[in-house]
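A.B. asks: quick one: sequence and predicted model below, then my questions.
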Amino acid sequence: MAADVVRYQRLADGDDDGLWEDKNKDEKKSIEISLSDNVFTVEDAIEHCGFGWFQIRLSVFAGLIWMVDAMEIMLLSVLAPEARCYFNLTHWQEALITTTVFCGMLVGSLLWGKMMDKWGRKRGLFLAAIWTSYFAVLSAFSSSYAWLLFLRCAVGLGVSGSSQAVTYYAEFLPMKSRAYCLVLLEAFFITGTMLEVVLAIIVMPRLDWHWLLGLSAVPLIIDLLAFKFVPESARYYVTAGQLDKARDVVEQVARINGKKLPCGRLISSEEKQHMKESQTSQSQSTSPQLGDVHYHSTDTRTRPVCQTDDESSPSVGETSEGNRTVSWSNRGSFAVMFSSTKLGLSTIILWNIWFGLSFAYYGVVLLTTEMLSVVKEKSNNSIIPCIEHAPVEADHCVRLEQSDYVTLLWTAASEVPGLLITALMIERIGRKKTIAVELAGCSAMFLLMLICPIHRDLFMMFAFFTRALVTGAFQAAYVYTPEVYPTNVRGLGLGCCTAAGRLGAIATPFIAQVLLRVSMSGAKGTYAAVALLCSAFAILLPIETKGKSMEEQVGH
């Protein structure tokens, strides 16, 4: 039987990453690929459909999840000083409020990541949203310090699942749009952060923190309604061996974007790789000229155009005789993250980077609030005094005032320039260098905070730029991490990285809220050193994901 011919057009718009022997970036070349059937993968379908109304709708969905996540995180900087006064807490007990939330996130990051690789992205996100909503509402009725710790820990366990919205969102994005879209997703996080501060400005002078907890949970409940309008990830269905459902999802993407799918049957990228290897081995005895390649292209910058639309295709999910049987038993397996030297090394380095990112990000958030309290406690003017080798005070309580909330709103707005800086850099210099440069800048800003005594406004300016840079680095890591892991462990990979980040978040209250009261230079110097070390780690990452496709299995 004569082989069907599918024609691809190579778009010369960037590096080819060694896919073709002759690299000519200045001209378009037509490649004819011969296969026994017309086939395509989810990656091909997403690239063919491009960025359209489906992705816009999904952007809003994922953005809302991130917005409520940001509100619950920003709530900590407001809740801790208020709970300290309400329950007459020591600095250690105040720090424990934040730490218990991140302890819940640590456990949840591992559970939700593995769950979403095993049972689906959408299902896991929905369960996490229900869990978070339930315990967020309950925490508003906390009558004791112990109950507050327990219920906020439970909220943290649920909130940790929201980070998987990045995995879900990324799996529907075409390669050209992926980095920019994931970076711009941070706009919803910034909106949530600022919304929480505005809510505190309105609620705290009139009511108390119980009301703030309850009202902060309302967007969580509203967000549950949005799950009705989005499908499960097609890439997840492929790794689960449910190609018929994956086909239904990509058809929905094509329909909403006003495109038609390539004709033929949907296959996994593993089967596609096997077909390419078979075709390559069959043609090794010949020397084809460029433009006459006899294997299936893995370059995701190609756009399939079927030449035989009227011919029937094998049924969805059908495997041709002789094709390798795909095993899906390794979904959510820790071993897969270490199945190759580069991926294993990337995993270990990423754990360290994520630890440092969370340590620095939540550090500057809590540090800002604490420095506002120090001004009132120690000087009651605009000068922040030096504190070195001082005993920890256990009984002094200072509530935040209206002007302090406005300052928090201003520093929260600093994440906007961080977002823009990352968006400009990430496709120009790559993911690794973006993380490294921004973390190095973050370290420099922490060092400038060592000036002592320092005017309140000057310190807040340094805090503004510090938060901008660490936010940008954080978002670049959220782009890089889902890209470096294959679909069958993408949720687990991101979950383990966020779990490492939660360890940093667990440690940071004891630096920003406890050590700061003993030695300001010790606290700020610790943050500067960690940020600089993680900048060096980013350079050491063995894989750069810029311009590369998202794979389903390791080794493609």
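C.D. replies: Yep, it's here. Numbering: from 1, shown residues only.

A.B. asks: so where do the strands sit in the protein?
C.D. replies: With DSSP state E as the criterion, the chain has strands at 4-10, 29-35, 39-40, 265-266, 305-306, 383-384, 454-455.

A.B. asks: partners of the third one in the sheet?
C.D. replies: Using DSSP bridges, the strands paired with strand 39-40 are strand 265-266 (parallel).

A.B. asks: so how far is the partner strand off the chain centroid?
C.D. replies: Centre-to-centre, strand 265-266 and its host chain are 30 Å apart (CA atoms, centre = their mean, to the nearest Å).

A.B. asks: what does stretch 72-80 give?
C.D. replies: With CA atoms, centre = their mean, you get 21 Å for stretch 72-80.

A.B. asks: alpha carbons only: can I get that stretch in PDB?
C.D. replies: Once non-C-alpha atoms are left out, stretch 72-80 reads as follows in PDB (Å, rounded to 0.1, in the frame of the first residue of the first chain):
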ATOM      1  CA  GLU A  72      -4.600  33.200  51.100                       C
ATOM      2  CA  ILE A  73      -0.800  33.800  51.000                       C
ATOM      3  CA  MET A  74      -1.000  37.500  51.500                       C
ATOM      4  CA  LEU A  75      -3.500  37.000  54.300                       C
ATOM      5  CA  LEU A  76      -0.600  35.700  56.400                       C
ATOM      6  CA  SER A  77       1.200  39.000  56.600                       C
ATOM      7  CA  VAL A  78      -2.000  40.700  57.900                       C
ATOM      8  CA  LEU A  79      -3.200  37.800  60.100                       C
ATOM      9  CA  ALA A  80       0.000  37.200  62.100                       C
END
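
A.B. asks: got a list of contacts for it?
C.D. replies: For stretch 72-80, the external contacting residues (CB atoms under 8 Å, 6 or more residues apart in numbering) are 94-95, 97-98, 101, 132, 136, 155, 159, 192-193, 196-197, 200, 204, 209, 212-213, 216, 220, 362, 365-366, 368-369, 400, 405, 408, 412, 513. For glycine as for every other residue, the C-beta is placed from the backbone atoms N, C-alpha and C.

A.B. asks: poorly predicted segments of the stretch 151-300 of the chain, please.
C.D. replies: Within the stretch 151-300 of the chain, the ranges that satisfy pLDDT under 70 run 269, 272-300.

A.B. asks: ok, which stretches of it are helices?
C.D. replies: Using DSSP state H, counting those that start in this stretch, the helices of the stretch 151-300 of the chain run over 164-170, 175-184, 186-203, 209-216, 218-223, 234-239, 243-257, 269-282.

A.B. asks: most packed of those?
C.D. replies: Counting by mean count of other CB atoms under 10 Å, helix 234-239 has the highest mean neighbour count of the helices of the stretch 151-300 of the chain, with a mean of 28.

A.B. asks: that helix packs against which elements?
C.D. replies: Packed against helix 234-239 by the contact rule (3 or more CB pairs under 8 Å, 6 or more residues apart in numbering; DSSP states H and E) you find helix 42-49, helix 91-119, helix 243-257, helix 487-509.

A.B. asks: next, the angle from the second one to helix 487-509.
C.D. replies: Counting by axes from the mean of the first three to the mean of the last three CA atoms, to 10 degrees, helix 91-119 lies at 180 degrees to helix 487-509.

A.B. asks: let me see the mean pLDDT of helix 91-119.
C.D. replies: Computed over helix 91-119, the mean pLDDT rounds to 86.

A.B. asks: in JSON lines, list the helices of the stretch 151-300 of the chain along with distance to Ile426.
C.D. replies: Output for these, formatted as JSON lines (distance: least, CB to CB, whole Å):
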{"stretch": "helix 164-170", "distance to Ile426": "14"}
{"stretch": "helix 175-184", "distance to Ile426": "5"}
{"stretch": "helix 186-203", "distance to Ile426": "12"}
{"stretch": "helix 209-216", "distance to Ile426": "31"}
{"stretch": "helix 218-223", "distance to Ile426": "27"}
{"stretch": "helix 234-239", "distance to Ile426": "22"}
{"stretch": "helix 243-257", "distance to Ile426": "24"}
{"stretch": "helix 269-282", "distance to Ile426": "24"}
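
A.B. asks: what sits closest to Gly430 if chain neighbours are left out?
C.D. replies: Excluding its sequence neighbours, the residue lying closest to Gly430 (CB to CB, 6 or more residues apart in numbering) is Lys546, at 4.4 Å.

A.B. asks: who's in contact with the one you found?
C.D. replies: Lys546 sits next to Ala179, Ile426, Glu427, Gly430, Arg431 when contact means CB under 8 Å, 6+ apart.

A.B. asks: quick one: pLDDT of the second one?
C.D. replies: At Ile426, the pLDDT value in this model is 89.

A.B. asks: hang on, it packs against Tyr478?
C.D. replies: No - between Ile426 and Tyr478 there is no contact under CB atoms under 8 Å: 10.8 Å.

A.B. asks: neighbour-wise, which of the two wins?
C.D. replies: When neighbours are counted by other CB atoms under 10 Å, Ile426 and Tyr478 differ, and Tyr478 comes out ahead with 26 against 23.

A.B. asks: how about Ile249: what's its closest non-neighbour residue?
C.D. replies: Ile isn't right for residue 249; it's Val. That would be Ala234: by CB to CB, 6+ apart, it lies 4.0 Å from Val249.

A.B. asks: how near is that neighbour to Val365?
C.D. replies: Ala234 is 36 Å from Val365, where distance means CB to CB, to the nearest Å.

A.B. asks: Phe446 now?
C.D. replies: Relative to Val365, and taking CB to CB, Phe446 is found at 13 Å.

A.B. asks: try Cys49
C.D. replies: 39 Å.

A.B. asks: next, count neighbours for the nearest residue in space to Ala444 that is not next to it in sequence.
C.D. replies: Excluding the flanking residues, the one nearest Ala444 by CB to CB, 6+ apart is Ala528, at 7.8 Å. Neighbour count of Ala528, defined by other CB under 10 Å: 21.

A.B. asks: got the contact list for Ala528?
C.D. replies: Ser443, Ala444, Phe446, Leu447, Leu450.

A.B. asks: which of these are buried?
C.D. replies: By neighbour count, with 16 or more other CB atoms under 10 Å, the contacts of Ala528 hold Ser443, Ala444, Phe446, Leu447 as buried.

A.B. asks: pLDDT at the last one, what is it?
C.D. replies: For Leu447, the model assigns a pLDDT of 92.

A.B. asks: name the nearest residue to Val416, sequence neighbours excluded.
C.D. replies: Leaving aside its sequence neighbours, Val416 sits nearest to Ile190 (CB to CB, 6+ apart; 6.0 Å).

A.B. asks: tell me how far that neighbour lies from Gly547.
C.D. replies: For Ile190, the distance to Gly547 (CB to CB) stands at 27 Å.

A.B. asks: brilliant, that's me finished.
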